[in-house]
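> Sequence first, predicted coordinates after that:
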Amino acid sequence: MKNKLFFVIIIIFVLIFSIFAYVFITGKGQKNYMDSETQDKMRKITLNYWRVWDDSDDFKEIIDKYQRLHPNIKIEYRKLRYDEYENELLEAFATDRGPDILSIHNTWTKSYQERGLLEPMPAEITMVFPQIKGNLKKEVVYNKQTTKSLSLNTIKNGFADVVYQDAVIDTKDDEAETVKKEVYGLPLSIDTLVLYYNKDLFNNAGISNPPVYWDKEFQQDVKKLTKQNNKGQIVQSGTALGGSGNIERSTDILSILMMQNGTVMMEDNHVKFHQNPESANNKSYNPGLDALRFYTDFSNPAKEVYSWNNSLENSLELFIQGKLAMMFGYSYMLEQIQARAPKLNFSITGLPQIEGNPQRNFANYWVEAVSRKSEAPEEAWDFIQFMIKKDQVRSYLEKTKKPTALRSLVDEQIEDEDVSVFAQQVLTAESWYQGHDSSAAEAIIKEMVDDAIQGQNTLENIISLAAKKVEQTINK
């Protein structure tokens, strides 16, 4: 009886040993020994990515590379029209069907953060990477890796200064009663405002070079380049300045004129463009008001620089027709002009500056951000940090012909004829927060320009009223 029991125990032991040996050799059943976080990270994930302007082909190479590293993650790219984009976003947020990753304009970042729509970049990210092991018998094993996200110092030193100012936001930690800086977006490119000029019109006027400074050079050139018929109608405009609705990005142009002149646009969530900076030596001088006067003089028939009025066509259209000598615009306009006016003899140069003042340019760009409602925020932020690495950014910029946001690529782009001028200005580009409704703020500034042209009130009252209205959009 004892011998039979002994043999039964031996047989059971051999069977158990064989099962464990089989599992160990074949790797079958390994997933049962993975920790729950690793199993969770291996699940199939779809990241919905919404953008404007760029086609899916511009991102195909980047997305393919990332999906090869993470075969369990699928990136679904969707391009929307600009005029529908923000409304679509806000409706999607309200109904919990929004994207995981979204592009937002740099002037929207703080507004979206304050409304609780964005997920900040985590301090570290844990991802699972597949790895093939074995010589004779190949098998896929999954390694869990935790890496630190980009540091604030890396962002400050790796990107143009404007990125840190716009995308790194102070947030309150109510429990610790402290304020910490968090990252809410990172850009692939930064566009800057430049001067487009018609070389044929310059040649005919005997002007050999485009203006470098606003005072003297620019104004003298405008007078030479503007032509009126015998009825006093402008038939050739020297520059598109002074108006609102019929000038492309008129609010950006006026903003940078103010900023170059020493205006503080916003400080501590309060509008300041109507005031003299506290640090100014001359307490009676108002740089914002002076810039507004300079801008609107180009729409004043009583001024020598008169060259614009509201009856003229849109500035971009007029430039394409060869009837506008100087226009201010961004890199995205270049392709439109080349496509619609292939024989137009034009060139691009840097934005005019104020002689003796530090160089200041205007930034207009989009950042890639993560929705607060994403079910995979770590993976979404991992993809963004993958995208903004130098090699991926270079691939994107070569396809889209946009100026870089990375300092390390500025020198390379200066050698590129199409983006050189824009890239040269990236490091001195600035922007300003326009409140929770940037579209409303722009409408207010355009209304300010129109009121100044009509002259039914003093400039002091007009600019003060506009500042008050913009202030009301800040804390909605």
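All right, it came through fine. Residues are numbered from 1 along each chain as shown.

> So if we follow the domain assignment, how does the chain break up?
Listed domain ranges for the chain are 36-190+366-407, 192-363+434-474 (source: automatic domain parsing).

> Please, where are all the strands along the stretch 1-150 of the chain?
Per DSSP state E, counting those that start in this stretch, the stretch 1-150 of the chain carries strands over the ranges 45-52, 73-80, 101-105, 124-133, 139-148.

> what about the third one, average pLDDT?
Read that as strand 101-105. Averaged across strand 101-105, pLDDT comes to 97.

> So which elements touch it?
Packed against strand 101-105, as judged by 3 or more CB pairs under 8 Å, 6 or more residues apart in numbering; DSSP states H and E, are the following elements: strand 45-52, strand 366-370, helix 377-387. To be clear about C-beta, it is placed using only N, CA and C from the backbone, and glycine gets the same treatment.

> rewinding a little: please convert the domains of the chain to JSON lines, extending it with mean neighbour count and distance to residue 418.
As requested, the domains of the chain are exported to JSON lines (neighbours: other CB atoms under 10 Å; distance: least, CB to CB, whole Å):
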{"stretch": "domain 36-190+366-407", "mean neighbour count": "17", "distance to residue 418": "5"}
{"stretch": "domain 192-363+434-474", "mean neighbour count": "18", "distance to residue 418": "7"}
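
> Now the weakest link among the ones you listed, please, by mean pLDDT.
When the domains of the chain are ranked by mean pLDDT, domain 36-190+366-407 comes last with a mean of 91.

> related to what we said a few turns ago, which of the domains of the chain sits closest to residue 416?
Residue 416 lies closest to domain 36-190+366-407 among the domains of the chain, at 8.0 Å (CB to CB).

> next one: the closest one to chain centre, how far?
Mean-position distance between domain 36-190+366-407 and its chain equals 14 Å (CA atoms, centre = their mean, to the nearest Å).

> Spit out the contact partners of residue 420.
Residue 420 sits next to 413, 414 when contact means CB atoms under 8 Å, 6 or more residues apart in numbering.

> per-residue pLDDT, it?
The model reports residue 420 with a pLDDT of 96.

> Next: the one 3 residues further on.
Residue-level confidence at residue 423 comes out at 96, pLDDT.

> and the residue nearest to residue 185 when sequence neighbours are not counted, what is it in contact with?
Leaving out its chain neighbours, the residue that sits closest to residue 185 by CB to CB, 6 or more residues apart in numbering is residue 367, at 3.1 Å. Going by CB under 8 Å, 6+ apart, residue 367 touches 103, 104, 106, 109, 163, 166, 167, 184, 185, 186, 187.

> which residues sit against stretch 290-307?
Stretch 290-307 has contacts (CB under 8 Å, 6+ apart) with 214, 219, 222-223, 225-226, 232, 234, 237-239, 241-243, 253-254, 257-258, 260-261, 263, 308-310, 448-449, 452-453, 459, 462-463.

> next one: that stretch to chain centre, how far?
31 Å.

> and what of stretch 453-466?
32 Å.

> send the alpha carbons of that stretch over as PDB?
Extracted C-alpha coordinates of stretch 453-466, given in PDB (Å, rounded to 0.1, in the frame of the first residue of the first chain):
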ATOM      1  CA  ILE A 453      -9.800 106.500 -37.900                       C
ATOM      2  CA  GLN A 454     -13.200 108.000 -37.600                       C
ATOM      3  CA  GLY A 455     -11.800 110.400 -35.000                       C
ATOM      4  CA  GLN A 456     -15.100 110.900 -33.100                       C
ATOM      5  CA  ASN A 457     -13.300 110.600 -29.700                       C
ATOM      6  CA  THR A 458      -9.800 111.200 -28.400                       C
ATOM      7  CA  LEU A 459      -7.200 108.500 -28.900                       C
ATOM      8  CA  GLU A 460      -6.800 108.400 -25.100                       C
ATOM      9  CA  ASN A 461     -10.400 107.600 -24.600                       C
ATOM     10  CA  ILE A 462     -10.500 105.100 -27.500                       C
ATOM     11  CA  ILE A 463      -7.500 103.100 -26.300                       C
ATOM     12  CA  SER A 464      -8.700 103.100 -22.700                       C
ATOM     13  CA  LEU A 465     -12.200 101.900 -23.600                       C
ATOM     14  CA  ALA A 466     -10.700  99.100 -25.800                       C
END
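
> Check what contacts it and list those residues.
The contact list for stretch 453-466 (CB under 8 Å, 6+ apart) reads 242-243, 273-274, 286, 288-289, 292-293, 296, 299-300, 310, 444-445, 447-448, 451-452.

> Recalculate using a threshold of 7 Å.
274, 288, 289, 292, 293, 296, 299, 444, 445, 448, 451, 452 (CB atoms under 7 Å, 6 or more residues apart in numbering).

> same thing with stretch 158-167?
Stretch 158-167 is contacted by residues 106, 109, 155-156, 183-187, 190, 363, 367, 405-407, 426-427, 429-431 when judged by CB under 7 Å, 6+ apart.

> can you do 8 Å?
In contact with stretch 158-167 (CB under 8 Å, 6+ apart) are residues 106-107, 109-110, 150, 152, 155-156, 183-187, 190, 363, 365, 367, 405-408, 426-427, 429-431, 433.

> Name the nearest residue to residue 214, sequence neighbours excluded.
Nearest non-adjacent residue to residue 214, counting by CB to CB, 6+ apart: residue 352, 4.8 Å away.

> right, and that neighbour touches residue 219 too?
No: counting by CB atoms under 8 Å, residue 352 stays clear of residue 219, with 10.2 Å between them.

> And the residue nearest the centre of the chain?
Note on the chain: the residue nearest the mean C-alpha position is residue 366, at 2.0 Å, using CA atoms, centre = their mean.

> What distance do you get for that residue to residue 166?
Noted for residue 366: a distance of 11 Å to residue 166, by CB to CB, to the nearest Å.

> Identify the contacts common to those two.
Listed as contacting both residue 366 and residue 166 by CB under 8 Å, 6+ apart are residue 106.

> what residues are up against residue 225?
201, 202, 205, 207, 236, 237, 238, 239, 307, 325, 326.

> Quick check: it vs residue 327, distance?
For residue 225, the distance to residue 327 - CB to CB - is 12 Å.

> any common contacting residues for those two?
Common neighbours of residue 225 and residue 327 (criterion: CB under 8 Å, 6+ apart): residue 239.

> which residues does residue 428 contact?
By CB under 8 Å, 6+ apart, the contact set of residue 428 is 358, 359, 360, 361.

> Tell me the one among those nearest to residue 69.
Using CB to CB, residue 361 is the member of those that lies nearest residue 69, at 36.7 Å.

> Hmm, that closest one is touching residue 328, no?
No: counting by CB under 8 Å, residue 328 is not a contact partner of residue 361; they are 11.2 Å apart.

> Write down the beta-bridge partners of residue 75, one by one.
residue 47 (DSSP bridges).

> ditto for residue 361
residue 429.

> State the helix or strand in which the spatially closest residue to residue 431 that is not a sequence neighbour lies.
Spatial nearest neighbour of residue 431, excluding adjacent residues (CB to CB, 6+ apart): residue 363 at 4.7 Å. Per DSSP states H and E: residue 363 is located in strand 361-364.

> tell me what that strand is packed against?
Packing partners of strand 361-364 (3+ CB pairs under 8 Å, 6+ apart): strand 191-192, helix 250-260, strand 429-430.

> would you list these in a markdown table and tack on distance to residue 85?
Putting the helices and strands packed on strand 361-364 into a markdown table (distance: least, CB to CB, whole Å) gives the following:
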| stretch | distance to residue 85 |
| --- | --- |
| strand 191-192 | 17 |
| helix 250-260 | 19 |
| strand 429-430 | 23 |
